[in-house]
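> predicted model and sequence follow; I will ask about them next.
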Amino acid sequence: MPELPEVETVKRGLAPAMEGALITHVQLNRENLRFPFPNGFAKDLAGCRILSMGRRAKYLLADLDSGNVLVMHLGMSGSFRVEIAESSDQPGSFHYPRFEAEKHDHVVFELELPDQNARVIYNDPRRFGYMDLVKRAEFETHRHFKSLGIEPTGNQLNGESLATLFEGKKAPLKAALLDQRLIAGLGNIYVCEALWRAGLSPIRKSSTISRKGGLATERSTLLAECIRDIISEAIKAGGSSLRDHRQTDGSLGYFQHTFNVYDREGEPCAKPDCKGRVSRIVQSGRSTFYCRSCQR
């Protein structure tokens with residue numbers, strides 16, 4: 001499933017074609033994706049202008065002048081492509097070739113801008129993605145968003161906030177970092193990489209990076225810095241293309257070429273002074289990659 005950097009990359013790729021555009025027509029090629037489209041979905045979108053593109057956790061957001069927010073989730077294999085005039089311009093890049101069959105083009109947005117017309121097409125072979133319309137006034141309390149934690153980008157995530165969130169928690173550190181109710185948008189790949197960079201074991205109790213009273217520690221401060229750095233670097237690289245993820249221009253992300261532990265089981269640890277090797281364990285049904293020697 002695309003993680004936060006991949007979703008942010010897609011958002012940035014869609015913005016030039018969608019921000020400020022008038023939605024003239026929406027074509028639905030099926031009645032549902034993972035869930036049915038809301039009643040009147042295409043009709044309610046037609047005639048709306050897109051004020052801005054945004055992201056919350058792993059959701060893509062299009063603020064509309066109608067007072068609604070178009071909410072889009074990529075699921076496992078969802079991707080967008082942007083077609084402008086006679087040319088095709090697709091945002092994003094992936095490790096494996098993209099499945100291009102037009103039979104999986106499920107939603108087509110016809111857009112009008114002052115200097116060009118565009119089509120934004122949503123393709124999803126597995127159909128785990130979904131779309132919804134949410135009133136802006138009800139956004140924070142909507143079922144998609146009301147339980148989401150803080151964003152792992154920006155100033156909200158720091159040593160103090162991590163220490164407060166993890167105080168007294170017995171869950172393994174990796175599980176706590178993946179809990180979307182605490183931190184929204186972190187996924188398996190980038191948690192593995194951030195924990196390696198911070199030298200923290202994924203199996204240590206999450207409370208061990210917090211002092212009594214939820215006070216910050218060197219560990220919580222370093223981990224917060226590593227998370228922010230990893231996410232920032234991954235966004236600059238266009239995300240990680242492991243299966244279906246592509247940018248809107250069809251290109252592949254290349255952050256996977258800088259992985260230090262993820263999917264590197266048995267390989268030497270990349271830290272210069274470490275003689276350990278990358279191990280793989282399973283936590284909550286997901287593969288965890290880490291170095292037992294330098295991650296404590």
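On my side now, so go ahead. Here the structure is a predicted model, which is why all the values come from computation and not from measurement.
> in stretch 229-239, what counts as buried?
For stretch 229-239, burial by neighbour count (16 or more other Cβ atoms under 10 Å) applies to 230-231, 234-235, 237-239. Every residue, glycine included, has its C-beta placed from N, CA and C.
> no no, stretch 51-61
53, 55-61.
> once you drop chain neighbours, what's closest to residue 259?
In space, and not counting its chain neighbours, residue 259 is closest to residue 193: 6.6 Å by Cβ to Cβ, 6 or more residues apart in numbering.
> which residues are in contact with the helix or strand containing that neighbour?
Using DSSP states H and E, the element containing residue 193 is helix 188-198. For helix 188-198, contacts defined as Cβ atoms under 8 Å, 6 or more residues apart in numbering pick out 3-5, 173-174, 177-178, 201-202, 219, 222-223, 225-227, 229-231, 234, 240, 242, 259-262, 286-291, 295.
> buried subset of those residues?
By 16+ other Cβ under 10 Å, these give 3-5, 173-174, 177-178, 201-202, 219, 222-223, 225-227, 230-231, 234, 240, 242, 259-262, 288-291, 295 as buried.
> in helices only, show me those residues.
Applying DSSP state H to these, the entries found in helices are 4-5, 173-174, 177-178, 219, 222-223, 225-227, 230-231, 234.
> among the residues you listed, pick out the one closest to residue 184, please.
residue 4 (8.4 Å; Cβ to Cβ).
> and the helix or strand that residue 163 is a member of, how far from the chain's centre?
Using DSSP H and E, residue 163 sits within helix 159-166. Computed by Cα atoms, centre = their mean, to the nearest Å, the chain-centroid distance of helix 159-166 equals 22 Å.
> which helices and strands sit right next to it?
On a contact count with 3 or more Cβ pairs under 8 Å, 6 or more residues apart in numbering; DSSP states H and E, helix 159-166 meets helix 173-178, helix 218-236.
> can you redo those helices as CSV with mean pLDDT and distance to residue 41?
Compiled in CSV, the helices and strands packed on helix 159-166 are given as follows (pLDDT from 0 to 100; distance: least, Cβ to Cβ, whole Å):
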stretch, mean pLDDT, distance to residue 41
helix 173-178, 98, 31
helix 218-236, 94, 30
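> residue 103: which of those helices is closest?
Among the helices and strands packed on helix 159-166, the nearest to residue 103 by Cβ to Cβ is helix 218-236 (31.3 Å).
> picking up where we left off before, save the helices and strands packed on helix 159-166 as a markdown table, and put in distance to residue 15 too.
Listed next are those as a markdown table, based on distance: least, Cβ to Cβ, whole Å:
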| stretch | distance to residue 15 |
| --- | --- |
| helix 173-178 | 28 |
| helix 218-236 | 14 |
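> follow-up on the earlier one: what's the burial count for the residue nearest to residue 259?
26 (other Cβ atoms under 10 Å).
> over to the one 5 residues further on?
Residue 198 is surrounded by 23 other residues when neighbours are defined as other Cβ under 10 Å.
> related to what we said a few turns ago, run the chain-centre distance for the helix holding residue 193.
15 Å.
> specify the angle between it and helix 218-236 in degrees.
Counting by axes from the mean of the first three to the mean of the last three Cα atoms, to 10 degrees, helix 188-198 lies at 130 degrees to helix 218-236.
> sounds good, over and out.
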